[in-house]
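K.L.:
Sequence first, then the predicted structure, then my questions.
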Amino acid sequence: MGKIIKRIVALMVVLSMTMAIFAACGKSDVSQSTNSTSNSTTGKSASTEKVVITFPSIWVGTDGKAKVFGQMVDSFNKENESKIEVKIEEYTDYDAYEDKIRTTISTGNAPDIFTFKSSADLQLYSESGKLMDLTSYLADKEWSNKFAEGVIKTAQYKGKNFALPYENAVIAIMFNKKLLNSVGVSTVPTTYEELWKVCDALKAKKIFPTAQMTNKNAWTSMLWYSYALAAVGGPDVYEKGLDDPAFVEAAKIMQKMFTYTSPDALGADATVVNGHFFNERSAIYTNGSWILSRIKKEGVQGLYDNLAISAGLGYNGSKPGAYVNAVQAYIAAAKQDNPAKEEAIVKFLKYICDVDRVTELSNSSGSIFTIKSKITDQTEKLQATMIEQSTAAPYMIGTFESAMPTKVVTAFPPALEGLILGELTPEQFVAELKAANK
């Protein structure tokens, strides 16, 4: 009997140990299954995690595109809520913005999305190895057919698109008809010879004929120099290079132009120039189509309606009518290691290239874009005039800034100041530009 009890106890111990082992194994399986499920859930969460895209932008504040472009971004974010969010970082100082982008890329980084405007920067940034290659995406005809004919190719570097051409800078000469009429001028000049006579009449009445500038990038004076080059050198002036006599002759035109400007021109920036023209202290002005919305909002009452839009002037028998233009804004994106983020960025770029959205952006800002936007009843009359005149122009050339290397562009303002102060002759002015490129 005792032996039987001992055997029963031993059997129970064995059974208990076996059950403990199976229980332990069962717990291990459950734990592994739970971990597997947790990992699967984490993986799913990672793949659907919201993509955040940073976009440092100058299309904010008082910029003519700020309101509608901001609405475009908001609409995109709403349509992609919980999936994609584009965050705008506001920059209201255009020159500081360009410096910021150059510095960021030079240190080996690039913003998720950003804009720039010069062909020199297009080359520099494309060579950095930091930009997303958009070439294969633009091979999609549904996207590329929205752009004006041939414009995508103009933004290529060595056959590849590391940037989109987006805003087109169509530059016009603007005349305040009210001020011209006040000195007995009823027709807009079409040659520089006629322009000097108009300037003399305005100057005699204590009206600044033009407003020039030499500070920062000397923007509006650079545009006047571009128009002088178009008049003197023709459509292939940039291809001929700085050795062409047109660059010296255009410098002589600038010397005379500065005799018909405000006394604060030396050292002035765009704020000073715009202030004179917007407040009818100066009568003749040049800038891009994007400035029209600001003239309408910030100019004195009636200024917008008193403007006459003109193409380039003739010089010593050359034909008038040329237009200066260039890509005003390229859009580029940083190269991405995350396919989901790259897909999100491309989705946003396609969104802001929608024809109807760009048409609204164009109509609201006065800017002209490389996208085939429509001329509608909402298109401002002066903007439509620019489009019509530039389309009919015998030829178009780029701005000096867009056509020249960065070092030459940087050398332009101080060289111009030296020219106006009499420290440099026109020949020496051009020599300074050449020296900067060595």
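P.N.:
Structure's in. What do you need? Residues are numbered from 1 along each chain as shown.

K.L.:
Buried residues, stretch 396-411. List them.
P.N.:
396-406, 408-409, 411 (16 or more other Cβ atoms under 10 Å). Backbone N, C-alpha and C define where each C-beta goes, glycine included.

K.L.:
okay, which residue is most central for the chain?
P.N.:
By Cα atoms, centre = their mean, the mean C-alpha position of the chain lies nearest to residue 329, the distance being 2.2 Å.

K.L.:
Looks to me like that residue is in a strand.
P.N.:
Yes - checked against DSSP: H, G, I helix; E, B strand; the rest coil, residue 329 lies within a strand.

K.L.:
sorry, back to before: could you identify the pair within the buried residues of stretch 396-411 that is furthest apart?
P.N.:
Largest separation among these by Cβ to Cβ: 396 and 411, giving 24.9 Å.

K.L.:
So the residue lying closest to residue 420 once chain neighbours are set aside: helix, strand or coil?
P.N.:
Nearest residue to residue 420, sequence neighbours excluded (Cβ to Cβ, 6 or more residues apart in numbering): residue 258, at 4.8 Å. Secondary structure, three-state DSSP: residue 258 is helix.

K.L.:
before we move on, back to that, tell me the spatial nearest neighbour of the residue nearest to the centre of the chain, not counting adjacent residues.
P.N.:
That would be residue 167: by Cβ to Cβ, 6+ apart, it lies 3.7 Å from residue 329.

K.L.:
hang on, the one you found in a strand?
P.N.:
Yes - Residue 167 forms part of a strand when assessed by three-state DSSP.

K.L.:
so who does it touch?
P.N.:
290, 327-329, 367-370 (Cβ atoms under 8 Å, 6 or more residues apart in numbering).

K.L.:
Dump those residues to CSV, plus distance to residue 110 and pLDDT.
P.N.:
CSV is the format used below for these (distance: Cβ to Cβ, whole Å; pLDDT from 0 to 100):
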residue, distance to residue 110, pLDDT
290, 25, 87
327, 19, 88
328, 20, 87
329, 16, 95
367, 25, 87
368, 27, 88
369, 23, 91
370, 22, 89
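
K.L.:
Neighbour-wise, give me the winner out of these.
P.N.:
With neighbours taken as other Cβ atoms under 10 Å, the top of these is residue 367, carrying 29 neighbours.

K.L.:
re earlier: show me the buried residues of stretch 396-411 that map onto strands.
P.N.:
Those of the buried residues of stretch 396-411 mapping onto strands are 396-397, per DSSP state E.

K.L.:
Distance to residue 159 and pLDDT added to the buried residues of stretch 396-411, as a markdown table?
P.N.:
Formatted as a markdown table, the buried residues of stretch 396-411 follow (distance: Cβ to Cβ, whole Å; pLDDT from 0 to 100):
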| residue | distance to residue 159 | pLDDT |
| --- | --- | --- |
| 396 | 24 | 88 |
| 397 | 24 | 89 |
| 398 | 21 | 87 |
| 399 | 25 | 93 |
| 400 | 26 | 95 |
| 401 | 25 | 91 |
| 402 | 20 | 87 |
| 403 | 21 | 87 |
| 404 | 23 | 91 |
| 405 | 21 | 88 |
| 406 | 22 | 85 |
| 408 | 25 | 96 |
| 409 | 25 | 94 |
| 411 | 30 | 98 |
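
K.L.:
For residue 176, state which of the buried residues of stretch 396-411 is nearest.
P.N.:
Nearest to residue 176 among the buried residues of stretch 396-411 is residue 399, at 22.9 Å by Cβ to Cβ.

K.L.:
And the strands in the stretch 201-350 of the chain?
P.N.:
Per DSSP state E, counting those that start in this stretch, the stretch 201-350 of the chain carries strands over the ranges 208-210, 282-288, 307-310, 323-333.

K.L.:
Which one of those strands lies nearest to residue 163?
P.N.:
strand 323-333 (4.0 Å).

K.L.:
how's the chain carved up into domains?
P.N.:
51-169+327-375, 170-325+383-436 (automatic domain parsing).

K.L.:
distance between the last one and the chain's centre?
P.N.:
It refers to domain 170-325+383-436. Mean-position distance between domain 170-325+383-436 and its chain equals 21 Å (Cα atoms, centre = their mean, to the nearest Å).

K.L.:
Next: the shortest one.
P.N.:
How far domain 51-169+327-375 lies from its chain's middle: 8 Å, per Cα atoms, centre = their mean.

K.L.:
Now the terminal residues of it, how far apart.
P.N.:
End-to-end distance of domain 51-169+327-375: 36 Å, with Cα to Cα, to the nearest Å as the criterion.

K.L.:
Same question for the last one.
P.N.:
Here the two ends of domain 170-325+383-436 are set 28 Å apart, with distance taken as Cα to Cα.

K.L.:
Please give the element, helix or strand, for residue 390.
P.N.:
When elements are assigned from DSSP states H and E, residue 390 belongs to helix 381-392.

K.L.:
And the pLDDT at residue 35?
P.N.:
According to the prediction, residue 35 has pLDDT 35.

K.L.:
My error: substitute residue 2 in the last question.
P.N.:
On pLDDT, residue 2 comes in at 48.

K.L.:
ditto for residue 102
P.N.:
For residue 102, pLDDT reads 94.

K.L.:
close enough to count as contact, it and residue 121?
P.N.:
Yes - contact criterion Cβ atoms under 8 Å: residue 102 and residue 121 qualify, at 7.3 Å.

K.L.:
When the two are compared, which one has more neighbours?
P.N.:
Per other Cβ under 10 Å, whichever of residue 102 and residue 121 has more neighbours is residue 121, with 20 against 15.

K.L.:
wait, doesn't that one sit right on residue 106?
P.N.:
No - using Cβ under 8 Å, residue 121 is not in contact with residue 106, being 11.5 Å away.

K.L.:
rewinding a little: does the residue nearest to the centre of the chain touch residue 163 like I think?
P.N.:
No - applying Cβ under 8 Å as the test, residue 329 and residue 163 come out as separate, 9.6 Å apart.

K.L.:
Now for these two: what residues contact both?
P.N.:
residue 116.

K.L.:
What is the burial count for residue 142?
P.N.:
Using other Cβ under 10 Å, residue 142 has 7 other residues around it.

K.L.:
element containing it?
P.N.:
helix 141-144.

K.L.:
Next, the buried residues of that helix.
P.N.:
For helix 141-144, the neighbour count (16+ other Cβ under 10 Å) marks residue 143 as buried.

K.L.:
Quick check: which helices or strands does it pack against?
P.N.:
Using 3 or more Cβ pairs under 8 Å, 6 or more residues apart in numbering; DSSP states H and E as the contact test, no helix or strand touches helix 141-144.
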